[in-house]
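1. this is the structure alone, sequence omitted:
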């Protein structure tokens, strides 16, 4: 079923070209979202110094821990909306949309309060150095004031992805991203602000992207049309959203908690290593945005085909997504390693910082396709409504191995190389467990 030029028929016809058509705008959208933070990092690194660069970078993992539970829940909204849309259930689709947007508003307000109140305490627990913590706290508090806008955009975009529309969210992010970059230049370079300038610019850009996505849903003519008078949370849909979304959110939150432990270990090397990790981690973020767009495509396509009972087509979707992931991550990962020093110089001119960044990139970029494969199988399982078991396996494989590494091996061999070699090892271990899980779930569905 396809009612407009923005929608994609996921249940009929060829698959690979539609996956690319879906994934490419989503990939660019993810990259643009990261560029909000990248522009922040580049501007403060160039015009406010190493401490400001470390201050902004040291908040990334912590912000992700706070936000990723609710962003994970938006995946539940995506899966449920995709299924109702494919099945032609207009009433259920509409009520899912209004429940999701209401949930986004409530969770955004909660996150704003939590972030403002607990920012400094959380940064202190991470061992953030004294020369950085005041600026880090200020950045986090302002950033979290924009959480309602951030949540509304992400849930609105999840609804649009459910019907195959990844183009309009991309357009909205281009607009807000350009405004973000312009405001960064204005507030930091001309108004001589530091971290507070880039934080304010980010919040304003998030407000703009939020308004645009809500306006898009309001103006639409389909079953996903938004009417503010109909906003309410309906328990029957909230339960189904939570069944898929909460395990996904918990998984993402706990994985990012392990990144906080990693950040704390990097902090022990001082602000030079922190700055190198900030820049390298930002590059890895771009790689993740690329492979995650394919995972999102896999989840949406699987959900629609599962809804209409096309199980063999689901298998073809997964195979095509595996091919896409290996190609995209292989090209971008190898490119990031080969061009690493030049890319890192965009963030900083300090050679010691660049050396630290390259030490991290040398271990993590080339095998990054493993990270993409690791996420694909849980994405396919979520599309079928199975979210709890892949969550547990991801936590055991990724987080468990990383915690053992940080507390068991790293203290006896203290170097950035030893710290980050845990990445490819945990990816491979988790893939093996996820493939076994997928095999048994798919066998069960085949027997239904």
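-> Happy to help now that I have it. Nothing here was measured: the structure is a model prediction, and the numbers come from that model.

2. what's the mean pLDDT across the helix or strand in which residue 69 is found?
-> Using DSSP states H and E, residue 69 sits within helix 60-86. Averaging pLDDT along helix 60-86 gives 82.

3. and stretch 329-341, by the same measure?
-> Looking at stretch 329-341 alone, the average pLDDT works out to 92.

4. residues in contact with that stretch?
-> The contact list for stretch 329-341 (CB atoms under 8 Å, 6 or more residues apart in numbering) reads 283, 286-287, 290-291, 343, 354, 357-358, 361-362, 365-369, 371-372. Glycine gets a C-beta too; all of them are placed from N, C-alpha and C.

5. same thing but at 10 Å, please
-> 27, 279-280, 283-284, 286-291, 294, 343, 351, 354-355, 357-358, 360-373 (CB atoms under 10 Å, 6 or more residues apart in numbering).

6. and the buried ones among the residues you listed, selectable in PyMOL?
-> Buried members of these, defined by 16 or more other CB atoms under 10 Å, are picked up in PyMOL with:
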select buried, resi 27+279+280+283+284+286+287+288+289+290+291+294+343+354+357+358+360+361+363+364+365+366+367+368+369+370+371+372+373
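
7. tell me which of the contacts of stretch 329-341 fall in helices.
-> 27, 279-280, 283-284, 286-291, 294, 343, 351, 354-355, 357-358, 360-364, 369-373 (DSSP state H).

8. so in the chain, where's the weakest helix or strand by average pLDDT?
-> Least confident helix or strand, the chain: helix 50-57 with a mean of 71, by mean pLDDT, DSSP states H and E.

9. can you give the distance of that helix from its chain's centre?
-> In this view, helix 50-57 has its centroid 22 Å away from the chain centroid, taken as CA atoms, centre = their mean, to the nearest Å.

10. before we move on, what about stretch 279-293?
-> On CA atoms, centre = their mean, the centre of stretch 279-293 falls 9 Å from the chain's centre.

11. hang on, the earlier thing: what helices and strands are in contact with the next helix or strand after the helix holding residue 69?
-> Remark: after helix 60-86, the chain's next helix or strand is helix 90-125, criterion DSSP H and E. Other helices and strands packing on helix 90-125, by 3 or more CB pairs under 10 Å, 6 or more residues apart in numbering; DSSP states H and E, are helix 60-86, helix 130-145, helix 147-162, helix 195-219, helix 235-267.

12. and the ones you listed: which comes nearest residue 119?
-> Checking these against residue 119 by CB to CB gives helix 130-145 as the closest, at 4.0 Å.

13. in contact with the closest residue to residue 73 other than its chain neighbours, which residues?
-> By the measure of CB to CB, 6 or more residues apart in numbering, the closest residue to residue 73 outside its immediate chain neighbours is residue 245, 3.4 Å from it. Residue 245 sits next to 69-80, 100, 103, 158, 238, 382, 387 when contact means CB under 10 Å, 6+ apart.

14. what do you get if the cut-off is 7 Å, keeping everything else the same?
-> Counting by CB atoms under 7 Å, 6 or more residues apart in numbering, residue 245 touches 72-77.

15. dump those residues into JSON lines; add distance to residue 305 as well.
-> As requested, those are exported to JSON lines (distance: CB to CB, whole Å):
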{"residue": "72", "distance to residue 305": "22"}
{"residue": "73", "distance to residue 305": "23"}
{"residue": "74", "distance to residue 305": "21"}
{"residue": "75", "distance to residue 305": "17"}
{"residue": "76", "distance to residue 305": "18"}
{"residue": "77", "distance to residue 305": "18"}
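
16. who's in contact with residue 345?
-> residue 354.

17. and it, how far from residue 419?
-> Per CB to CB, to the nearest Å, residue 345 is found 23 Å from residue 419.

18. ok, residue 324 next?
-> Taken as CB to CB, the span from residue 324 to residue 419 is 31 Å.

19. and residue 267, by the same measure?
-> 12 Å.

20. kindly report the same for residue 183.
-> 35 Å.

21. settle it for me: which of these two has more neighbours?
-> The neighbour count for residue 183 versus residue 419, taken as other CB atoms under 10 Å, is higher for residue 419 (25 against 20).
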